[in-house]
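Enquirer: pasted the sequence and its predicted model underneath.
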Amino acid sequence: MNRPVVAVTIGRSHYERMFSEGAWSALDGFAEVVHHDGPEPAERGELMDVLAGADACITSWGVAQLDADVLEAAPGLRAMAHMGSSVKRFISDGFWPRGIRLTSAGVMLARDVAETTLGLMIVGRKRIWPLARHVSEGGWRDSPDWDNWKAGEMTGATIGLVGASNVGRHVIELLVPFSCEILVSDPFLDAGEADTLGVTLVDIDELMQRSDVVSLHCPENEHTRHMIGAHNLPSMRDGAVLINTARGGLIDEDALATELETGRLFAFLDVTDPEPPVPDSPLRSLDNVALTPHIAGCIHNCTRMGETAVEDLRRFFAGESAIYEITEDMLDRIA
């Protein structure tokens, strides 16, 4: 029986970052592997060449879109395993009528983002950033203004998650040991599923008002752009922490800067709109915001995604269920 042909399209310079030795061994165990030989992700013409005889492909950031011409050049393509966050940019309208199966290893990237988010929650609740600056300037716990710092714990805190996405759900799992009250706002989550997750389903206004930490984990689209802004930022508790590891456009940054200037809140922003922030953005200079350059997900070691992509293709050719399959009806609620 002929073994399926799997095309790896991500460029050889990214192999060490994306694939462990175990992933390569597993892939060689069930497939004939063909490679896009360039160092960087396959461009359109290169993608047409490498997919010409492929039954499946593995894609990631930077690979050209599977547009109509690419799909026509790949008549045998039956499955695509994507390593990255959103799959939307990589597929075209002609993808679904072909019946090609699509899986995403982004569930592993979601774990990295969730782990970073938990770290920011702990650091934010403990006021590590401002207190470190306070000490460097000569202060200590016996300073007259100590009571203003309100350093706190995770245990017993109210955590508000905007979005029960893959990231949001993993954050929920990571929060279990802390005995937090977890509020979730998500139009696609019903009360029964919220109960199963152990969270309280609320609207975003209530979440903003009640939470000690607000963390964003939803896609940016016409419904969610600037969902955080002047209409709800003032309702946040004094001393609350706002975390965005999702998409910069979820927040009206002008409104956020205005609110941060009051000194009431602290924000961790791993994403901004635009990226990077403009040179004169007030977010670059305010003491109560920490900006990071979109590093919440994996950076140097993304091999969990490679292992997941390979396993999903093994399952596809074995007739087994995928770890995480993307279907057309999911596109309006994923990033």
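Expert: That came through fine.
Enquirer: contact partners for the closest residue to Asp212 other than its chain neighbours?
Expert: Spatially, and ignoring its direct neighbours in sequence, Asp212 is nearest to Ala157 (4.5 Å; C-beta to C-beta, 6 or more residues apart in numbering). Just so you know, the C-beta spots here come from the backbone N, C-alpha and C atoms, and that holds for glycine as well. By C-beta atoms under 8 Å, 6 or more residues apart in numbering, the residues touching Ala157 are 125, 178, 180-181, 212-213.
Enquirer: now do the contacts for Ala267.
Expert: Counted by C-beta under 8 Å, 6+ apart, Ala267 has contacts 241-244, 256, 260, 283, 288-290.
Enquirer: wait, is it part of a strand?
Expert: Yes - judged by DSSP: H, G, I helix; E, B strand; the rest coil, Ala267 forms part of a strand.
Enquirer: for the stretch 101-250 of the chain, which spans come out with low pLDDT?
Expert: Applying pLDDT under 70 to the stretch 101-250 of the chain flags the ranges 146-149.
Enquirer: just the strands from it, written as ranges.
Expert: Secondary structure of the stretch 101-250 of the chain (DSSP state E, counting those that start in this stretch): strands located at 101-104, 158-162, 181-185, 200-201, 213-216, 241-244.
Enquirer: can you tell which of these is closest to Ala191?
Expert: Closest of those to Ala191 is strand 200-201, at 5.6 Å (criterion: C-beta to C-beta).
Enquirer: each with direction, which strands does the closest one pair with?
Expert: Counting by DSSP bridges, the strands paired with strand 200-201 are strand 181-185 (parallel).
Enquirer: now the angle from the partner strand to strand 158-162?
Expert: 20 degrees (axes from the mean of the first three to the mean of the last three C-alpha atoms, to 10 degrees).
Enquirer: in strand 181-185, which residues are buried?
Expert: For strand 181-185, burial by neighbour count (16 or more other C-beta atoms under 10 Å) applies to 182-185.
Enquirer: ok, stretch 92-100 next?
Expert: 95, 100.
Enquirer: now the end-to-end length of it.
Expert: End-to-end distance for stretch 92-100, by C-alpha to C-alpha, to the nearest Å: 12 Å.
Enquirer: domains of the protein?
Expert: According to automatic domain parsing, the chain comprises the domains 5-108+300-333, 153-291.
Enquirer: now these as JSON lines including distance to Ser136?
Expert: Shown next, in JSON lines, are the domains of the chain (distance: least, C-beta to C-beta, whole Å):
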{"stretch": "domain 5-108+300-333", "distance to Ser136": "29"}
{"stretch": "domain 153-291", "distance to Ser136": "12"}
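Enquirer: between these, which gets nearest to Thr116?
Expert: From the domains of the chain, taking C-beta to C-beta, the stretch that ends up closest is domain 153-291, at 6.3 Å.
Enquirer: what residue in the protein is the furthest from its centre?
Expert: Most distant from the centre of the chain: Pro144, at 41.0 Å, with distances by C-alpha atoms, centre = their mean.
Enquirer: which helices and strands does the longest helix along the chain pack with?
Expert: When every helix of the chain is counted residue by residue (DSSP state H), the longest turns out to be helix 106-125. The criterion is 3 or more C-beta pairs under 8 Å, 6 or more residues apart in numbering; DSSP states H and E, and the helices and strands that helix 106-125 contacts are helix 166-175, strand 213-216, strand 241-244, strand 266-269, helix 303-317.
Enquirer: just send those back as TSV, with distance to Glu16 too.
Expert: Below are these laid out as TSV (distance: least, C-beta to C-beta, whole Å):
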stretch	distance to Glu16
helix 166-175	25
strand 213-216	32
strand 241-244	30
strand 266-269	30
helix 303-317	9
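Enquirer: just the buried residues of strand 181-185 now: which is nearest Val8?
Expert: Val184 (37.5 Å).
Enquirer: got a list of what the closest one touches?
Expert: 160-164, 168, 172, 194, 197, 199-202, 207.
Enquirer: then the longest helix of the chain to PDB, C-alphas only?
Expert: Provided in PDB are the C-alpha atoms of helix 106-125 (Å, rounded to 0.1, in the frame of the first residue of the first chain):
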ATOM      1  CA  GLY A 106      -2.700  26.400  17.600                       C
ATOM      2  CA  VAL A 107      -4.100  24.500  20.700                       C
ATOM      3  CA  MET A 108      -0.500  24.100  21.700                       C
ATOM      4  CA  LEU A 109       0.300  27.700  21.100                       C
ATOM      5  CA  ALA A 110      -2.700  28.500  23.200                       C
ATOM      6  CA  ARG A 111      -1.000  26.700  26.100                       C
ATOM      7  CA  ASP A 112       2.000  28.900  25.800                       C
ATOM      8  CA  VAL A 113      -0.100  32.000  25.700                       C
ATOM      9  CA  ALA A 114      -2.100  30.800  28.700                       C
ATOM     10  CA  GLU A 115       1.000  30.100  30.700                       C
ATOM     11  CA  THR A 116       2.300  33.600  30.000                       C
ATOM     12  CA  THR A 117      -1.100  35.000  31.000                       C
ATOM     13  CA  LEU A 118      -1.000  33.300  34.300                       C
ATOM     14  CA  GLY A 119       2.500  34.700  35.000                       C
ATOM     15  CA  LEU A 120       1.300  38.200  34.200                       C
ATOM     16  CA  MET A 121      -1.700  37.700  36.500                       C
ATOM     17  CA  ILE A 122       0.500  36.700  39.400                       C
ATOM     18  CA  VAL A 123       3.000  39.500  38.700                       C
ATOM     19  CA  GLY A 124       0.200  42.000  38.300                       C
ATOM     20  CA  ARG A 125      -1.600  41.000  41.500                       C
END
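Enquirer: perfect, I'm done here.
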